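Undergrad: Mind folding the following:
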Amino acid sequence: MAKVAVFHNTLDFEGGADMVCLHVCAALDAVHDVTLFTLSATAPERVAAKFDVPFDVTVATPPGSRALAAGLNRAAPRLGPQLPARSVLLRAYLRRRRGEFDVVVSTANELAISGPSVQYVHFPQFYGDRVDAGETGPLDGLWSRLAAPDRSQLEGPTRLLANSAWTADVTADIYGVRPTVCHPPVDPIEGRPWVDRDAGVLVLGRIAPDKRVLNAIEVVERLRARGYDLTCRVVGSAPTAYREYVRRVESAAARSEGVRVETDVSRDRVETLLGRYRYGLNMKPTEHFGMAVAEYAAAGMVPFAPNEGGQVDVLGGDDRLLFHGIEGAVETVAAALDSDLRPFLSRDRFASDRFASEIREHVSATLN
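TA: Prediction:
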């Protein structure tokens, strides 16, 4: 049994990366002594309950971390991307305790840290100016100088993983090292038979500008204007950092007869809706993996997503499900409705037992 530090900069956004972190904790806790290092205003137990992931590990946080995290959340509209900043702050705390642990497992992307490590990249958090898909803030260069790894560190005692082939390619473009692809965990979700499902569109995930939820509402409105009798339900977390955008989404839904919004619902409610609707829509072009898209498939829905990013992996590159832009989304969904396209993707391709085994194997190989 090894002593493992799991490094995750924040659970406050309650998205796919946070779900991966919790699954990593659960997978490693079965065989090791695990401590989660995080800088969050949100209690890990609450996020774990939301994703229906068991959580029983020690949590380590810097002094005053909840107040600091809450302040960062409130300041997010002015600060821009803040994950690198949180990584820098949390790394300073972890470095003081690094000697207590045999291995560090980062579920918060790449990081310069001494000793053996496994680093799971959802999307590179440093050097955002080096790739077209990067999200840069005014202090990006500072955070990169302070905490980004160099190539020698990633080729040394570090085992680098990525959530999709697309993310692996982006990481290789920045660092010259290509991670091993390890898709996130998504278990099959029970649902109604196809004929009993609502002929509607589910838009699932964090309600934030990068997810382009307003674009999804526009797609549904255009389809309704063409005569398709579709409803739409937007369901997702509404982090404080994105409160202004959430208000815009709620206002747009209030002006539409066919759109409803639900925020911060339970996992049971999410799974009920996944099993109730026929169609799932994602509009973020450069989705790093596409957790919501994978859940659409796992629930027996017909998922649609932009023909970019990691979601191309999820949808097997099938042109019937992929599109470019708002107009492309309208045409792709309309074609599926006209042809009565039914679900055909595997529902258990990304099962959590597969993910847990892979993570344990990577940690074991690093320790050895």
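
Undergrad: Measure how buried the closest residue to Val104 other than its chain neighbours is and give me the count.
TA: Leaving out its chain neighbours, the residue that sits closest to Val104 by Cβ to Cβ, 6 or more residues apart in numbering is Ser117, at 4.4 Å. For every residue, glycine as well, the C-beta is placed using N, CA and C. Close neighbours of Ser117, defined as other Cβ atoms under 10 Å, add up to 26.

Undergrad: try Val235
TA: Residues contacting Val235 under the criterion other Cβ under 10 Å number 21.

Undergrad: element containing the residue nearest to it when sequence neighbours are not counted?
TA: Counting by Cβ to Cβ, 6+ apart, Val235 lies nearest to Glu262, which is 4.8 Å off, once chain neighbours are set aside. Per DSSP states H and E: Glu262 is located in strand 259-263.

Undergrad: for whatever helix or strand comes next after that strand, which positions count as buried?
TA: The helix or strand immediately downstream of strand 259-263 is helix 267-274, counting by DSSP H and E. For helix 267-274, the neighbour count (16 or more other Cβ atoms under 10 Å) marks 270-274 as buried.

Undergrad: can you check stretch 353-364 too?
TA: Buried positions in stretch 353-364, judged by neighbour count with 16+ other Cβ under 10 Å: 355-356, 358-360, 362-363.

Undergrad: would you list the residues you listed in JSON lines and tack on secondary structure and distance to Gly200?
TA: Formatted as JSON lines, those follow (DSSP: H, G, I helix; E, B strand; the rest coil; distance: Cβ to Cβ, whole Å):
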{"residue": "Phe355", "secondary structure": "helix", "distance to Gly200": "30"}
{"residue": "Ala356", "secondary structure": "helix", "distance to Gly200": "33"}
{"residue": "Glu358", "secondary structure": "helix", "distance to Gly200": "35"}
{"residue": "Ile359", "secondary structure": "helix", "distance to Gly200": "36"}
{"residue": "Arg360", "secondary structure": "helix", "distance to Gly200": "39"}
{"residue": "His362", "secondary structure": "helix", "distance to Gly200": "40"}
{"residue": "Val363", "secondary structure": "helix", "distance to Gly200": "42"}
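
Undergrad: Out of the residues you listed, which is nearest to Arg178?
TA: Nearest to Arg178 among those, counting by Cβ to Cβ, is His362 at 15.1 Å.

Undergrad: any idea how far the closest one lies from Leu94?
TA: His362 sits 19 Å away from Leu94, going by Cβ to Cβ, to the nearest Å.

Undergrad: cool, Ala208 as well?
TA: Ala208 is 27 Å from Leu94, where distance means Cβ to Cβ.

Undergrad: Check Tyr228 too.
TA: Taken as Cβ to Cβ, the span from Tyr228 to Leu94 is 52 Å.

Undergrad: Please say which of those two ends up with more neighbours.
TA: Using other Cβ under 10 Å, the more surrounded residue of Tyr228 and Leu94 is Leu94, with 21 against 17.

Undergrad: Next one: that one from Val88, what distance?
TA: Distance of Leu94 to Val88, given as Cβ to Cβ: 11 Å.

Undergrad: Arg342 now?
TA: Distance, Arg342 to Val88, by Cβ to Cβ: 48 Å.

Undergrad: more neighbours, the two?
TA: Using other Cβ under 10 Å, the more surrounded residue of Arg342 and Val88 is Val88, with 21 against 10.

Undergrad: how about that one, what does it touch?
TA: 143, 146-147 (Cβ atoms under 8 Å, 6 or more residues apart in numbering).

Undergrad: For the helix or strand where Val105 lies, which strands pair with it and how are they oriented?
TA: Assigned by DSSP H and E, Val105 belongs to strand 103-106. Sheet pairing of strand 103-106 (DSSP bridges) gives strand 3-8 (parallel), strand 117-121 (parallel).

Undergrad: Quick one, which of those strands gets closest to Thr42.
TA: Nearest of the strands paired with strand 103-106 to Thr42, taken as Cβ to Cβ: strand 3-8 at 11.4 Å.

Undergrad: For that closest one, report the contacting residues that lie outside it.
TA: Residues outside strand 3-8 that contact it (Cβ under 8 Å, 6+ apart): 17-18, 21, 24-25, 28, 32-38, 57, 60, 90-91, 94, 97-98, 100-108, 111, 113, 363.
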